[in-house]
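Trainee: the amino acid sequence is not available; the structure is as follows:
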């Protein structure tokens, strides 16, 4: 198979940021025989935008399609500028939706969104949440393609929970509400003095120092690992028994999908696209946004109920097996043919 693709997104892992779709999906395409060009790994936002624009121009006669990651905040403007450049250059582009707050972007900027999405060759939604929202305005070119993993790289471990050993894996960003995880640990310590918390992720917004100060104020010990490779945090997860997701906004986070694959019972806030992936009492436990007491109580429920843990984790693993690349790739082949 030989096709040339230009992938536009934030390829910033070499600067300490978390791997994103441009890293993982791009690698999958390359393995399948596609030739990939990327933009951009520039750390400075203005230079990144210029690099994206420059590579769109220089590769316009070499690629069949341009893949564009679309986010809901500042990075939305990259998608807007590149999509309109593709229109001028008569290039087919595929918009790949990201970000739990994209529905608000549709409401705030309907004209700009129409310019991007109505002219997309295809819009790919990684969750039923975004499918549901975008199908109200864009039906002819919208397709569901979930975030993908290689399921054989995730060993399913059954967890015994005597003392909660919490794992949190996200970038340290306000939208992911890292302080809530620390507060949850503080509450749990009243009943489980040996409860622990490990927080994995890059310091995207210079929040780790603040989180460490908060930890000291509560007289707690938290293991802050910083950014780890996927292999490193998967190995670390073997010593944890509950995965918590404290986010304010979300779509279908890959870290949650990975936790489901690993057999970690999940307690998450019930926000954005989360309830489209996780069903409370079926494959996870869901709590209200920013409600540390409710999340702590849900963790206690897991600790006291091994039957429930087994039920949730078994169901979760069955769901994410459908996200394996060997199953999902054919959806991509169909639109890139």
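Mentor: On my side now, so go ahead. Only a predicted model underlies this, so the values are computations on that prediction, with no experimental measurement involved.
Trainee: can you tell me the closest non-neighbouring residue to residue 114?
Mentor: residue 137 (7.9 Å; C-beta to C-beta, 6 or more residues apart in numbering). (Glycine included, C-beta is placed from N, CA and C.)
Trainee: same question for residue 69.
Mentor: The nearest residue in space to residue 69 (C-beta to C-beta, 6+ apart) is residue 9, at 3.6 Å.
Trainee: is the one you found in contact with residue 79, as I believe?
Mentor: No: if you go by C-beta atoms under 8 Å, residue 9 and residue 79 don't touch, sitting 9.1 Å apart.
Trainee: what touches both of the two?
Mentor: Residues touching both residue 9 and residue 79 by C-beta atoms under 8 Å, 6 or more residues apart in numbering: 68, 69.
Trainee: list the beta-bridge partners for the closest residue in space to residue 121 that isn't next to it in sequence.
Mentor: Spatial nearest neighbour of residue 121, chain neighbours left out: residue 92 (4.2 Å); criterion: C-beta to C-beta, 6+ apart. With DSSP bridges as the criterion, residue 92 is bridged to residue 65.
Trainee: residue 92: neighbouring residues, count only.
Mentor: Residue 92: 14 surrounding residues under other C-beta atoms under 10 Å.
Trainee: same thing with residue 334?
Mentor: Neighbour count of residue 334, defined by other C-beta under 10 Å: 11.
Trainee: residues in contact with whatever helix or strand it lives in?
Mentor: Using DSSP states H and E, residue 334 falls within helix 325-336. With contacts defined as C-beta under 8 Å, 6+ apart, helix 325-336 is touched by 1, 3, 5, 28-29, 32, 34, 64-65, 94, 121-122, 124, 143-146, 148-150.
Trainee: ranges for the helices of the stretch 201-337 of the chain?
Mentor: 208-217, 230-236, 254-262, 274-277, 292-303, 306-320, 325-336 (DSSP state H, counting those that start in this stretch).
Trainee: could those go into JSON lines alongside distance to residue 162?
Mentor: Formatted as JSON lines, the helices of the stretch 201-337 of the chain follow (distance: least, C-beta to C-beta, whole Å):
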{"stretch": "helix 208-217", "distance to residue 162": "23"}
{"stretch": "helix 230-236", "distance to residue 162": "19"}
{"stretch": "helix 254-262", "distance to residue 162": "19"}
{"stretch": "helix 274-277", "distance to residue 162": "28"}
{"stretch": "helix 292-303", "distance to residue 162": "7"}
{"stretch": "helix 306-320", "distance to residue 162": "10"}
{"stretch": "helix 325-336", "distance to residue 162": "36"}
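Trainee: between those helices, which one is nearest to residue 40?
Mentor: helix 254-262 (20.9 Å; C-beta to C-beta).
Trainee: picking that back up, is it true that the residue nearest to residue 114 touches residue 123?
Mentor: No: using C-beta under 8 Å, residue 137 is not in contact with residue 123, being 10.0 Å away.
Trainee: between these two, which is the more surrounded one?
Mentor: Counted by other C-beta under 10 Å, residue 137 and residue 123 do not tie: residue 123 has more neighbours, with 23 against 13.
Trainee: doesn't residue 133 lie inside a helix?
Mentor: Yes: counting by DSSP: H, G, I helix; E, B strand; the rest coil, residue 133 is found in a helix.
Trainee: and it, how many neighbours?
Mentor: Residue 133 - counted by other C-beta under 10 Å - has 19 other residues nearby.
Trainee: quick check: closest non-adjacent residue to it.
Mentor: Closest to residue 133 by C-beta to C-beta, 6+ apart is residue 103, at 4.6 Å.
Trainee: secondary structure element holding that neighbour?
Mentor: helix 102-108.
Trainee: which strands and helices sit next to that helix?
Mentor: The contact analysis (3 or more C-beta pairs under 8 Å, 6 or more residues apart in numbering; DSSP states H and E) places helix 102-108 against helix 128-134.
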